[in-house]
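*Asks:* turn this into a model:
(one chain, ligands or ions: 1)
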Amino acid sequence: MLSRHRKTVTGNPVLKRRPTIKPVKARRIIRRFHLLINKRRIICAQLKLKLVENGEELNEKLIKKKIKSLNMEKDYDEGWNASHPDSVIENCMLKVQVLPSNKDLVRILGYIMSEILQKGGLQNYQLASTIGQDKNRGGDSSKVLVDWFRKIRDPNHRYRALEIGSLSAKNAISISGVFEPVVRIDLNSNDPAYIERQDFMDRPDPASDAERFDLISCSLVLNFVPTPQLRGAMLSRFQNFLRMDVKSTYVFLVLPLPCVSNSRYMSESRLCDIMSFLGYEKTHKHESYKIIYLLFERNTENTSVKLSNDAIEPGTAGALSKKQIVRDKPGMNNFSVLL
Ligand SMILES: C[S@@+](CC[C@H](N)C(=O)[O-])C[C@H]1O[C@@H](n2cnc3c(N)ncnc32)[C@H](O)[C@@H]1O
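*Replies:* Sure, this is the predicted structure:
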């Protein structure tokens, strides 16, 4: 009789579940990965290495080609072959903005690339990123979006969606039939046939409305963007990707609840002020134990900016470009977004 349990060719049972990581460890892995790619971005800028060339993102092959043309392979290899962690290189990496020598920059670049590609950095990061979609941790956040959209949508309109930070082509946003097409991007696609590997900040501006979207989904992405200024830049960039030829376009923004409920510098109303300054009005909100889901609408017929914060000068980002304490208690976090 055939066994009811599937076996691999080695005779071991097939794993039914993918390996899991505890959430605290997952957050640590993700923070480290974002630090690495942030430093890589700074180093590449200082060495004048473009992150995207002829539509191709900078990868190990391209980096090595450039390093060869700079005649600095020895320094790169030194970093690549260094032990991990190396306290001297780690220290230098934290100061890349002020490091004078190209030699040091190239050595740190080798060290970073080796950690990402050779030491399992990328693989661990992708695994850690899927933790949030685990059913035990709230599951697929786009279910909330689809529920809202089923009520507000015009059935005669085709809603095009851009999903930033996509982990699966089988999430509600993709299979509900409410959005068509859904363009999925992620820094590191774990399914290249369906999810394009792309940093949203490097996505080329659309040439026309035909390439723009009705909805941008940005679920649990903003909290992984490394600095308050870059978070603000990401929110500001949305407008280039939303259609101008329809009355309403939308941004679905999902954040861990503590980003707005337990931060010294950010509250829900301050986040809404930022969005309002950028031309969006909050229309839907749902809070679970750990997550806040928000839907913002941009109405091309109503561009007035409604702000709750009196300190903001009309027409400028004013107070929204400066960190301001909105509350302060022990144990609070420092999450913030600045324009
Ligand atoms: C925790 S996952 C969230 C995934 C999913 N959207 C969800 O709601 O569960 C965050 C994802 O955002 C991606 N990400 C972060 N910054 C990004 C950027 N600038 N462009 C594209 N993807 C980005 C990361 O690669 C990661 O896969």
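
*Asks:* just the pLDDT for residue 126.
*Replies:* Per-residue pLDDT puts residue 126 at 70.

*Asks:* low-confidence ranges, the stretch 101-250 of the chain, go.
*Replies:* 129-139 (pLDDT under 70).

*Asks:* can you list the residues of it near the ligand?
*Replies:* Within reach of the ligand by CB under 6 Å from any ligand atom, the stretch 101-250 of the chain has these residues: 129, 132-133, 141, 164-165, 167, 185-188, 199-201, 219-221, 224-225. The C-beta positions use only the backbone N, C-alpha and C, and glycine is treated the same way.

*Asks:* keep only those of those residues that are in strands.
*Replies:* 164, 185-186, 219 (DSSP state E).

*Asks:* just flag the most distant two among those.
*Replies:* Greatest spatial distance among those (CB to CB): 185 and 219, at 12.7 Å.

*Asks:* which neighbours do these two have in common?
*Replies:* 163, 165 (CB atoms under 8 Å, 6 or more residues apart in numbering).

*Asks:* hmm, back to that, with respect to residue 87, which of the ones in strands among the residues of the stretch 101-250 of the chain next to the ligand is nearest?
*Replies:* Distances from residue 87 to these, taken by CB to CB, are shortest for residue 186, at 32.0 Å.

*Asks:* count the residues that sit near that closest one.
*Replies:* By other CB atoms under 10 Å, 22 other residues sit near residue 186.

*Asks:* same thing with residue 286?
*Replies:* Residue 286 has 15 nearby residues by other CB under 10 Å.

*Asks:* right, and it touches residue 144 too?
*Replies:* Yes. With contact defined as CB atoms under 8 Å, residue 286 counts as touching residue 144 (5.5 Å).

*Asks:* and the ones in strands among the residues of the stretch 101-250 of the chain next to the ligand as TSV, adding distance to residue 280?
*Replies:* Shown next, in TSV, are these (distance: CB to CB, whole Å):
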residue	distance to residue 280
164	16
185	21
186	23
219	16
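
*Asks:* pretty sure residue 105 is touching residue 95, no?
*Replies:* No. Using CB under 8 Å, residue 105 makes no contact with residue 95, being 10.9 Å away.

*Asks:* more neighbours: which of the two?
*Replies:* A side-by-side neighbour count of residue 105 and residue 95, using other CB under 10 Å, places residue 105 first with 24 against 11.

*Asks:* from residue 112, how far off is the more buried one?
*Replies:* 10 Å (CB to CB, to the nearest Å).

*Asks:* quick check: neighbours shared by these two?
*Replies:* In contact with both residue 105 and residue 112: residue 43, using CB under 8 Å, 6+ apart.

*Asks:* closest to residue 207 among the ones in strands among the residues of the stretch 101-250 of the chain next to the ligand?
*Replies:* Using CB to CB, residue 185 comes nearest to residue 207 of these, at 17.5 Å.

*Asks:* for that closest one, list each beta-bridge partner.
*Replies:* residue 164, residue 196 (DSSP bridges).

*Asks:* now the strands: where do they sit in the stretch 51-200 of the chain?
*Replies:* 52-53, 56-57, 159-164, 179-186, 196-197 (DSSP state E, counting those that start in this stretch).

*Asks:* tell me which of these sits most buried.
*Replies:* strand 159-164 (a mean of 23; mean count of other CB atoms under 10 Å).

*Asks:* run through who's touching that one.
*Replies:* 142, 149, 153, 171, 173-174, 178-186, 200, 212-219, 221, 241, 243.

*Asks:* stretch 251-261: end-to-end distance?
*Replies:* End-to-end distance for stretch 251-261, by CA to CA, to the nearest Å: 20 Å.

*Asks:* same thing with stretch 88-100?
*Replies:* 16 Å.

*Asks:* in that stretch, what counts as buried?
*Replies:* 89, 92-93, 96, 99 (16 or more other CB atoms under 10 Å).

*Asks:* please tell me how far residue 239 sits from the ligand.
*Replies:* 16 Å (CB to the nearest ligand atom, to the nearest Å).

*Asks:* my bad, residue 258
*Replies:* To the ligand, residue 258 is 15 Å away according to CB to the nearest ligand atom.

*Asks:* list the contacts for that residue?
*Replies:* So residue 258 contacts 290, 333, 335 (CB under 8 Å, 6+ apart).

*Asks:* who wins for neighbours among those?
*Replies:* residue 335 (19 neighbours).

*Asks:* enumerate every residue touching that one.
*Replies:* 223, 258-260, 263, 265-266.

*Asks:* hmm, residue 93 is touching residue 38, no?
*Replies:* No. Between residue 93 and residue 38 there is no contact under CB under 8 Å: 10.2 Å.

*Asks:* possible to save the strands of the stretch 51-200 of the chain as TSV with distance to residue 276?
*Replies:* Putting the strands of the stretch 51-200 of the chain into TSV (distance: least, CB to CB, whole Å) gives the following:
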stretch	distance to residue 276
strand 52-53	32
strand 56-57	34
strand 159-164	21
strand 179-186	25
strand 196-197	31
